[in-house]
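>>> return a 3D structure for these sequence lines:
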Amino acid sequence: MLRDVLLKTLRDQRRSYAAWCLSVVLLVAMYVALWPSIRDQPSMQDFLDQMPQALRNLLATSGADMSTPVGYIQVEFLSFMGPILVILYAVLAGSGAVAGEEDRRTLDLLLATPVARSRIVVDKAVAMVLGALGLTTLLGVALLLEGTFVGLDLPAGKVAAAMLHLALLGLVFGALSLLVGAATGRLALSRGVPAFVAVVAYVVNGLGGLVSWLEPFQKLSPFFQYAGHDPLHAGVSWLGVTVAVATVAVLVVGGALAFERRDVAS
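Here you go, the predicted structure:
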């Protein structure tokens, strides 16, 4: 039996991860293929401009110009579908770390190894981090390479910045999923809680600039740390990165402590 939980987790996930990677490449290809038919359609930008401000804030990055490659990717991919994809991956990885092992009745075998409970949680978290970073790296590479075939020219450095922020967005909710699963052992709860928090955080960020009583909470939203600094135009926001990394670290440590103290049913 493998004593290295990290290597075991990566080995166990290799097939499903390959499916995720293939899905990312195909999804990017679909959006890239649509670019030639959209770039010469001013009606698309007119439609975006005519949206109510509240709806525009929720569904598109403020100020995005659909007639440019950067604006197109912001609106069509990085405002909604990209975050959903990465958050879904991270939450599934986080929920499977402890709660998933309990649900599959394999946790006893894992705990029988001479590895501390906290180490199990940390190794599972590292596997989640590596997976999310690998997925967003592939996503960025796919955007750059596939985009060259249709004139969707994107700045490589800014794409890398956006992918870093996107990975951290997913990891915040993945770490929350891991924490809930480690604390409760309930798979449904470890998926439901992050999903609910993600919806609330998305709405708070989208409406924070329009609704006065939401404004103080906007900068607390992980979606603000992801897109509030517009990394596809401005590059990396190190403040946003620091906040996201600190949030993930706190949630993982909380999960490790909770798992150490919890009685695990046989």
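
>>> check the offset of stretch 208-228 from the chain's centre.
In terms of CA atoms, centre = their mean, to the nearest Å, the centre of stretch 208-228 is found 18 Å from the chain centre.

>>> quick one: terminal-to-terminal distance for that stretch?
Length of stretch 208-228, first residue to last, CA to CA, to the nearest Å: 11 Å.

>>> mean confidence for it?
For stretch 208-228, mean pLDDT is 87.

>>> buried residues in it, which are they?
Neighbour counts over stretch 208-228 (16 or more other CB atoms under 10 Å) mark G208, G209, L214, Q218, S221, P222, F223, F224, Q225, Y226, A227, G228 as buried. (Each C-beta comes from the backbone N, C-alpha and C, glycine too.)

>>> list the contacts of it.
Stretch 208-228 has contacts (CB atoms under 8 Å, 6 or more residues apart in numbering) with 53-54, 57, 61-62, 78-79, 83, 165-166, 168-169, 172-173, 201-202, 204-207, 237, 240-241, 243-244, 247.

>>> follow-up on the earlier one: which of the buried residues of stretch 208-228 sits closest to L107?
P222 (28.7 Å; CB to CB).

>>> could you measure from that closest one over to N205?
Distance of P222 to N205, given as CB to CB, to the nearest Å: 8 Å.

>>> what's the answer for S16, then?
Applying CB to CB to S16 and N205 gives a distance of 30 Å.

>>> looking at the two, which is more packed in?
With neighbours defined as other CB atoms under 10 Å, S16 and N205 compare such that N205 has more, 24 against 14.

>>> which residues does the more buried one contact?
Q218, S221, F223, F224, A227, G228.

>>> got it, and G151?
Applying CB under 8 Å, 6+ apart, we find G151 in contact with W35, P36, R39, P69.

>>> output those residues in a markdown table, with pLDDT and neighbour count appended to each entry.
What follows is the contacts of G151, written out as a markdown table (pLDDT from 0 to 100; neighbours: other CB atoms under 10 Å):
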| residue | pLDDT | neighbour count |
| --- | --- | --- |
| W35 | 90 | 18 |
| P36 | 88 | 12 |
| R39 | 76 | 18 |
| P69 | 89 | 20 |
